[in-house]
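Asker: sequence and computational prediction follow.
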Amino acid sequence: MPNLTVDSVRQAFVAVVGSGKAEQIRESILIRESTYCGRHFKLAGYSLVWFMEENQVKLYTPAKDVAYSGPVSTFVMGDQQTRRAA
């Protein structure tokens with residue numbers, strides 16, 4: 001499995017959304033039962049939740065539909081067709 005960093009997930013999210021810049025992302029750390037469990041990103045009405053332990057992400061459109069749900073490695077390393085939000 002590739003070494004996935006917060007920066008790589010953030011850059012993939014910006015590429016998928018296709019509008020805005022990484023500096024415009026709103027980002028939160030997810031905590032469950034006092035334990036770090038992931039990150040939540042928002043940009044241009046889109047939302048991405050990265051579940052660290054499960055190595056999964058869910059991408060939501062501005063209409064709150066799930067545009068992608070699957071391995072974070074596929075989201076980051078996959079082609080634009082695989083992870084297209086539009």
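Answerer: That came in fine, so what should we check first?

Asker: every contact and neighbour count from this point should use C-alpha atoms.
Answerer: Noted.

Asker: identify, by residue count, the longest strand of this structure.
Answerer: strand 35-43 (DSSP state E).

Asker: partner strands of the helix or strand following it and their direction?
Answerer: Following strand 35-43 in sequence order, the next helix or strand is strand 46-51 (DSSP states H and E). Strands that pair with strand 46-51, judged by DSSP bridges, come out as strand 35-43 (antiparallel), strand 56-60 (antiparallel).

Asker: what's the mean pLDDT across the longest helix belonging to the chain?
Answerer: Assignment by DSSP state H gives helix 6-17 as the longest helix of the chain. Mean pLDDT, computed over helix 6-17, is 90.

Asker: need the CA coordinates for that helix. PDB is fine.
Answerer: Extracted as PDB, the C-alpha positions of helix 6-17 are listed here (Å, rounded to 0.1, in the frame of the first residue of the first chain):
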ATOM      1  CA  VAL A   6      -2.900  14.100   4.600                       C
ATOM      2  CA  ASP A   7      -1.400  16.200   1.800                       C
ATOM      3  CA  SER A   8      -1.900  13.500  -0.800                       C
ATOM      4  CA  VAL A   9      -5.600  13.100   0.200                       C
ATOM      5  CA  ARG A  10      -6.000  16.800   0.300                       C
ATOM      6  CA  GLN A  11      -4.500  17.200  -3.200                       C
ATOM      7  CA  ALA A  12      -6.700  14.400  -4.700                       C
ATOM      8  CA  PHE A  13      -9.800  16.100  -3.200                       C
ATOM      9  CA  VAL A  14      -8.900  19.400  -4.800                       C
ATOM     10  CA  ALA A  15      -8.300  17.600  -8.100                       C
ATOM     11  CA  VAL A  16     -11.600  15.800  -8.000                       C
ATOM     12  CA  VAL A  17     -13.700  18.900  -7.000                       C
END
